[in-house]
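A.B. asks: here is my input; please provide its structure:
(one chain, ligands or ions: 1)
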Amino acid sequence: MTMDATRRRYLMCRPTYFAVEYAINPWMDPSAPVDADLAVRQWDALRGVYLDLGHTVEEIDPLPGLPDMVFAANGATVIDGQVLAVEFRDPQRADEAPAYAHWFERAGFEVHEAKHVNEGEGDMLLAGDLLLAGTGFRTTPAAHDRAQEIFGRPTVTLQLVDPRFYHLDTALCVLDKDTVAYLPEAFSPGSQAVLRRLFPDAIHASAADAAVLGLNAVSDGRHVVLPAQATGLATALRDRGYDTIGVDLSELRKAGGGPKCCTLEVRS
Ligand SMILES: NC(=[NH2+])NCCC[C@H](N)C(=O)O
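C.D. replies: Presented below is the predicted three-dimensional model:
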């Protein structure tokens, strides 16, 4: 099988003001040390990987007082040039929503208001023609209905059940238009059955790989950028013909984020 990479357009936010100052997921411990300079270097390396792969990376200006703004995936969902804005569950992240919406307005996109709690591509992943939409911790099912209305893509609600995997992109990775990798036990029994039906050939990740946020990976259809610590998943991906690129985002993981969280795909 030949795997075809397609050029992607990504939006990222430099972690200039990154810190772990509050805890809104089980990964975050405000009393544990974070090396903010190392976080910036690790993020720069991730950006460099995308540029080396030939992708376009645009940047939104980070804002002081918004330590999680580096997680650009939560800034919007963008399909066919249509932007669905976000609304965060937690007040600590609320001001990120207008910052991302304004970025897209200034870039000439049509921006649709969120109307419901919706944490962007953290919980909404396009897999071929399907929009996979997570709920249970952050994004609400009402936001899934709105996404289906805005994007006109069949939207599949998936119920997340493990608080460590609080966003869909921590439990499932889209590899190409018909292949995903996921951690079955992060989903309710019914959602596991839906995933088996839709993706009978999916890669099932191990608990160990998920526990280093291995599924928080970014694929261009051929190259998969994933946390370097997810060695079992990397082997499984290579066995399927993908090229894997391991990156170390140890500091950002202390906030519960990995490569995908730092990366918003802009589908024009
Ligand atoms: N797309 C993601 N999974 N982003 C990670 C967000 C991490 C952030 N600390 C939060 O809890 O909201």
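
A.B. asks: ok, the residue in the stretch 1-150 of the chain that the ligand sits nearest to - contacts?
C.D. replies: Closest approach between the stretch 1-150 of the chain and the ligand, counting by C-beta to the nearest ligand atom: Gly122, at 3.1 Å. Quick note: C-beta positions are derived from backbone N, CA and C, even for glycine. Residues near Gly122 by C-beta atoms under 8 Å, 6 or more residues apart in numbering: Phe71, Ala73, Asn74, Gly134, Arg138, Thr139, His167, Leu168, Asp169, Cys261.

A.B. asks: ok, the residue nearest to the fifth one when sequence neighbours are not counted - contacts?
C.D. replies: Spatial nearest neighbour of Arg138, chain neighbours left out: Glu119 (4.4 Å); criterion: C-beta to C-beta, 6 or more residues apart in numbering. Counting by C-beta under 8 Å, 6+ apart, Glu119 touches Asn74, Val86, Phe88, Arg89, Arg138, Thr139, His167.

A.B. asks: swap the cut-off to 10 Å and go again
C.D. replies: 71, 73-75, 77, 86-90, 93, 96-97, 134, 137-140, 143, 166-169 (C-beta atoms under 10 Å, 6 or more residues apart in numbering).

A.B. asks: take these and keep only those in strands.
C.D. replies: The strands, defined by DSSP state E, take in Thr77, Gly134 from those.

A.B. asks: neighbours of the nearest residue to Asp176 once chain neighbours are set aside, how many?
C.D. replies: Excluding its sequence neighbours, the residue lying closest to Asp176 (C-beta to C-beta, 6+ apart) is Gly221, at 4.7 Å. Residues lying near Gly221 (other C-beta atoms under 10 Å) number 17.

A.B. asks: do the same with Pro30
C.D. replies: 11.

A.B. asks: then Ala32?
C.D. replies: 8.

A.B. asks: now the strands for the stretch 51-200 of the chain?
C.D. replies: Assigned by DSSP state E, counting those that start in this stretch, the strands in the stretch 51-200 of the chain fall at 56-59, 77-79, 82-84, 110-112, 124-127, 130-135, 155-159, 172-176, 179-182.

A.B. asks: will you turn those into TSV that also has distance to the ligand?
C.D. replies: Formatted as TSV, the strands of the stretch 51-200 of the chain follow (distance: least, C-beta to the nearest ligand atom, whole Å):
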stretch	distance to the ligand
strand 56-59	17
strand 77-79	11
strand 82-84	15
strand 110-112	19
strand 124-127	10
strand 130-135	10
strand 155-159	14
strand 172-176	11
strand 179-182	14
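
A.B. asks: got those strands as a markdown table, with distance to Arg196 columns?
C.D. replies: Listed next are these as a markdown table, based on distance: least, C-beta to C-beta, whole Å:
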| stretch | distance to Arg196 |
| --- | --- |
| strand 56-59 | 35 |
| strand 77-79 | 25 |
| strand 82-84 | 28 |
| strand 110-112 | 32 |
| strand 124-127 | 14 |
| strand 130-135 | 14 |
| strand 155-159 | 12 |
| strand 172-176 | 13 |
| strand 179-182 | 10 |
